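Enquirer: coordinates only, no sequence provided:
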């Protein structure tokens, strides 16, 4: 089934909705997100569409930072980022500004689900483009419910009860000096989550491992391990296979940013990858992340 013949959205809405792929993402038209931030009915329609499409896209949204924050707070309280920090005048609004003088880092350009190193990873995010490069700087989102659905049956059986460790120390902390890295770990100890989580609103099963995941914590059972090498290699190879599912194009949508374009995504059911192919151009984004719940 092609995008052109995809059935219309079952959600009754005042917005014009155009799906971007067969599995994830829709662009919404006839929308003023500033108005949505103040209107209960419009927000309810937007939230229903987010659950359906997992990531929503908008263009020409010349909203203020206060409106940006107000829209995100409709979903729930906002969270700060321990490394990047927030805008001093708008707590919870993180500036992700990149220019030729920015120090090199490689965290955004990996498939990841935001902050799974937290016990309660974010529910989702509202991201607005402030300045975009002339070319490049796209972002890719992945439907991890579809990634789980299309796993081979024996793999689903094998991972049904597995859990995995997620770490900020092994990612953001890896570039820090020893004492700072240990302090970051002490403040944010590794979190443990199910490899397959259940979406708390839709009931979907979701493959929930990503680039913050360091290892499987309960793989060492009689069914999986005969000798120690089975654990060392078997668990690592299985985790690598699972994390690689996010790179399959059939589960993805890719968005070309323009100034004042906005993406809202469900962090519980997606991963994303910010393509860093634009240097030495400038790319400025502002993100509000919404506090989530503990995965189960």
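Expert: The structure has been received and is ready for your questions. No experiment lies behind these values; they were computed from the predicted model shown.
Enquirer: the nearest residue to residue 87 once chain neighbours are set aside: neighbouring residues, count only.
Expert: The spatial neighbour of residue 87 that comes closest, neighbours along the chain excluded (C-beta to C-beta, 6 or more residues apart in numbering), is residue 93 at 4.4 Å. Yep, even glycine has a C-beta here, placed from its N, CA and C like the rest. Counted by other C-beta atoms under 10 Å, the residues lying close to residue 93 total 22.
Enquirer: so residue 93 touches residue 288, yeah?
Expert: Yes - using C-beta atoms under 8 Å, residue 93 is in contact with residue 288, at 5.3 Å.
Enquirer: where does pLDDT dip in the stretch 1-150 of the chain?
Expert: When residues are selected by pLDDT under 70, those of the stretch 1-150 of the chain lie in 1-12, 83-86, 106.
Enquirer: tell me where the stretch 1-150 of the chain has strands.
Expert: Counting by DSSP state E, counting those that start in this stretch, one finds strands in the stretch 1-150 of the chain at the ranges 16-19, 26-29, 55-58, 93-98, 124-131, 139-143.
Enquirer: elements contacting the fourth one?
Expert: In this case it means strand 93-98. Judged by 3 or more C-beta pairs under 8 Å, 6 or more residues apart in numbering; DSSP states H and E, the packing partners of strand 93-98 are helix 65-73, strand 283-290.
Enquirer: would you mind finding the most buried of these?
Expert: Of the helices and strands packed on strand 93-98, the one with the most neighbours on average (mean count of other C-beta atoms under 10 Å) is strand 283-290, at a mean of 22.
Enquirer: what does the average pLDDT come to for that strand?
Expert: The average pLDDT within strand 283-290 is 96.
Enquirer: ok, the closest residue to residue 184 other than its chain neighbours - contacts?
Expert: For residue 184, ignoring the flanking residues on the chain, the nearest one in space by C-beta to C-beta, 6+ apart is residue 173 at 4.6 Å. Residue 173 makes contact with 167, 180, 181, 184, 185, according to C-beta atoms under 8 Å, 6 or more residues apart in numbering.
Enquirer: can you check the pLDDT for residue 173?
Expert: We have a pLDDT of 88 for residue 173.
Enquirer: ditto for the one 10 residues further on
Expert: Predicted confidence (pLDDT) at residue 183: the value is 94.
Enquirer: buried residues in stretch 149-156, which are they?
Expert: residue 151 (16 or more other C-beta atoms under 10 Å).
Enquirer: how far does it stretch from start to finish?
Expert: With C-alpha to C-alpha, to the nearest Å as the measure, stretch 149-156 spans 9 Å from end to end.
Enquirer: same question, stretch 218-225
Expert: End-to-end distance for stretch 218-225: 11 Å, by C-alpha to C-alpha.
Enquirer: may I see the buried residues of that stretch?
Expert: For stretch 218-225, by 16+ other C-beta under 10 Å, it's 219, 224.
Enquirer: repeat that for stretch 204-215.
Expert: In stretch 204-215, counting by 16+ other C-beta under 10 Å, buried: 204, 205, 206, 207, 208, 209, 210, 211, 212, 213, 214.
Enquirer: and the contacts of it?
Expert: With C-beta under 8 Å, 6+ apart, stretch 204-215 has contacts from 107, 110-113, 115-117, 144-145, 147-149, 151, 164-168, 170-171, 190, 193-199, 235-236, 239, 242-243, 245-246, 268-269, 271, 295.
Enquirer: related to what we said a few turns ago, buried members of the contacts of residue 173 into PyMOL, please.
Expert: In PyMOL, this line selects whichever of these come out buried by 16+ other C-beta under 10 Å:
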select buried, resi 167+181+184+185
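Enquirer: tell me which of the contacts of residue 173 is nearest to residue 224?
Expert: Nearest to residue 224 among these, counting by C-beta to C-beta, is residue 167 at 22.4 Å.
Enquirer: which non-adjacent residue is nearest that closest one?
Expert: Excluding its sequence neighbours, the residue lying closest to residue 167 (C-beta to C-beta, 6+ apart) is residue 190, at 4.6 Å.
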